[in-house]
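1. fold the following for me, if possible:
(one chain, ligands or ions: 2)
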Amino acid sequence: MYAVRYELIKECKQSGARLGRLHTPHGIIETPIFMPVGTQATVKSMTPEELKEIGSQIILSNTYHLYMRPGHELIKKAGGLHEFMQWDKPILTDSGGFQVFSLGPLRKITEEGVEFRSHLDGSRHTITPEKAVEIQTALGSDIMMAFDECAPYPADRDYVKKSLERTTRWLQRCKDAHKNTENQALFGIVQGGMYKDLREQSAREITAIDLPGYAIGGLSVGEPKDIMYDILGHTVQFLPEDKPRYLMGVGSPDDLLEGVIRGVDMFDCVLPTRIARNGTAMTSQGKVVVRNATYAEDFSPLDPECDCYTCRNYTKAYIRHLIKANEILGARLLTIHNLRFLLKLMENVRIAIHEDRLLDFKEEFFKKYYKK
Ligand SMILES: CCCSCc1cc(N)cc2c(=O)[nH]c(N)nc12
Ligand SMILES: [Zn+2]
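-> Ligands and ions are numbered 1, 2, ... in the order given. Got it, this is the predicted structure:
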């Protein structure tokens, strides 16, 4: 019996989309779902209450960052990540692989794991599959991700093949090290770069290891969107229907819709929170760069169709002022709105799947948001 169980509710008649429920130790998640990212045990500037108010069902955090600071042993002493950050709903933690690889030349990959220097003080560390499981066990996340290598883009075929085969061996080591399978789920991660045959090989190897869920990694790494969609569509066909599918690092509105249509259930991305901090909003009328002078005397709401706290109380002019003045409230108000926008989008996607009209919904959304 796994800690996480996927219940397939309905398959969309218009596309490969699915409606599902993910049963976890900290509650049930309606899928397809967008998961806000809280890298350092906080979704930047948001309280747990505010996250719940906008409809967040699950949040993400990061093994690498929490291992570096404040340390997984400290969080374990605090009673685990849920207690430490006062979030009582599900948490998914990434394994640290991606973050360590993002450190660039400061790291060395071996069969054992990855040696790297801390981005904080330059100290030397090694993360292995066993260490990644140990850290996530201490954090107590509901879903932990396997330690994998996300091949860079572009990368040559031989490198990608060797990398995916090592990721498979690392997954088996993660599974062997994972003891509390009743309380924490381990998800495997499919790699294979932009090579369809290597994607099939990775998907077959990873899903041959029986786990409660599988992720598609190695995408949203700078490749053109049409390549991402093509590789995604190809890869999903080798994933089991009765398990959740998580597309890592994806979260612009078009990518979420294209991913759902291809059968993806879970998404995460730093985009909504990151662009909020530099003054850009995702709205029902498309992207609004609210820091632009255009909005200096615009006393209308950020998004007239949005029900969030920001749109119910403030004008574009006020938010622009806060952003220009580098006031913390500016970032907070846009973060509240951008997260609500994506969470509401996924609520509407779930309704559209239920009513077998997802492709129609996508067409209407694209016309308004992308004017196409
Ligand atoms: C908190 C961040 C979660 S998603 C990070 C991420 C993002 C993207 N784009 C790819 C990968 C990947 O291939 N492997 C892993 N572990 N993580 C990835
Ligand atoms: Zn809003």
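2. in this structure, what helix or strand scores lowest on average pLDDT?
-> In the chain, no helix or strand scores lower on mean pLDDT, DSSP states H and E than helix 97-101, which sits at a mean of 85.
3. I figured L92 hits I33, correct?
-> No - contact criterion CB atoms under 8 Å: L92 and I33 do not qualify, at 10.3 Å. C-beta here means a position set from N, CA and C on the backbone, and glycine is covered the same way.
4. state the helix or strand in which D268 lies.
-> strand 266-269 (DSSP states H and E).
5. following that strand, which helix or strand comes up?
-> Using DSSP H and E, the next helix or strand after strand 266-269 towards the C-terminus is helix 271-277.
6. now the strand holding D268: mean pLDDT?
-> Per-residue pLDDT over strand 266-269 has a mean of 98.
7. stretch 308-321 too?
-> Mean predicted lDDT for stretch 308-321 stands at 98.
8. kindly report the same for stretch 348-364.
-> On average, stretch 348-364 scores 97.
9. what does stretch 220-229 give?
-> On average, stretch 220-229 scores 98.
10. how far off centre is that stretch?
-> When distances are taken as CA atoms, centre = their mean, to the nearest Å, stretch 220-229 is centred 16 Å away from the chain's centroid.
11. then stretch 23-36?
-> Relative to its chain's centre, stretch 23-36 lies at 12 Å (CA atoms, centre = their mean).
12. quick one, what contacts the closest residue to ligand 2 within the stretch 1-150 of the chain?
-> Going by CB to the ion, ligand 2 is nearest to I54 of the stretch 1-150 of the chain, at 8.9 Å. Going by CB atoms under 8 Å, 6 or more residues apart in numbering, I54 touches 308, 336, 339-340, 343.
13. and for F267?
-> With CB under 8 Å, 6+ apart as the criterion, the residues that contact F267 are 32-35, 246-247, 250-251, 255-256, 259.
14. ok so, going back, could I have the least confident helix or strand of the chain exported to PDB, CA atoms only?
-> The C-alpha trace of helix 97-101 is given here as PDB (Å, rounded to 0.1, in the frame of the first residue of the first chain):
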ATOM      1  CA  GLY A  97      19.300  17.000  -8.700                       C
ATOM      2  CA  PHE A  98      18.100  19.800 -10.900                       C
ATOM      3  CA  GLN A  99      19.200  22.500  -8.500                       C
ATOM      4  CA  VAL A 100      22.700  21.100  -8.200                       C
ATOM      5  CA  PHE A 101      23.000  20.800 -12.000                       C
END
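15. so how far is the next helix or strand after that helix from its chain's centroid?
-> Next in sequence after helix 97-101, counting helices and strands by DSSP H and E, comes strand 107-109. From the chain centre to the centre of strand 107-109 is a distance of 24 Å (CA atoms, centre = their mean).
16. gap between the spatially most central residue of the chain and A138?
-> In the chain, the residue lying closest to the centroid (CA atoms, centre = their mean) is D268, at 1.8 Å. Separation of D268 from A138 (CB to CB, to the nearest Å) stands at 21 Å.
17. how about C306?
-> From C306 across to A138, the span is 38 Å (CB to CB).
18. for D303, same thing?
-> D303 sits 40 Å away from A138, going by CB to CB.
19. what is the burial count for T335?
-> 25 (other CB atoms under 10 Å).
20. what packs against whichever strand or helix holds it?
-> Using DSSP H and E, T335 maps to helix 328-354. Packing partners of helix 328-354 (3 or more CB pairs under 8 Å, 6 or more residues apart in numbering; DSSP states H and E): strand 18-24, strand 33-36, helix 253-261, helix 271-277, strand 280-283, helix 309-313, helix 316-324, helix 358-369.
21. so which of the ones you listed comes closest to ligand 1?
-> Closest approach to ligand 1 among those is made by strand 33-36 (8.4 Å; CB to the nearest ligand atom).
22. tell me which residues in the very next helix or strand once past that closest one are buried?
-> Per DSSP H and E, strand 33-36 leads on to helix 48-53 as the next helix or strand towards the C-terminus. Using 16 or more other CB atoms under 10 Å as the test for burial, helix 48-53 gives 48, 50-51.
23. and stretch 244-251, by the same measure?
-> In stretch 244-251, counting by 16+ other CB under 10 Å, buried: 244-251.
24. ok, stretch 291-307 next?
-> Under the neighbour-count criterion of 16+ other CB under 10 Å, stretch 291-307 has 291, 295, 298, 301-303, 306 buried.
25. check whether that stretch comes near ligand 2.
-> Yes - Stretch 291-307 reaches ligand 2 (CB under 5 Å from the ion) through 303, 306.
26. contacting residues around that stretch?
-> With CB under 8 Å, 6+ apart as the criterion, stretch 291-307 contacts 278-281, 283-285, 288, 290, 310-312, 314-317, 319-320, 323-324, 334, 337, 340-341, 344.
27. go with 7 Å
-> With contact meaning CB atoms under 7 Å, 6 or more residues apart in numbering, stretch 291-307 is reached by 279, 281, 283-284, 288, 290, 310-311, 315-317, 319-320, 323-324, 337, 340-341.
28. near ligand 2, from these?
-> Okay, of the contacts of stretch 291-307 touching ligand 2 (CB under 5 Å from the ion), that's 310-311, 337.
29. most surrounded residue in those residues?
-> The most crowded member of those is H337, carrying 27 neighbours; neighbours defined as other CB under 10 Å.
30. any buried residues in stretch 109-116, and which?
-> Neighbour counts over stretch 109-116 (16+ other CB under 10 Å) mark 113-116 as buried.
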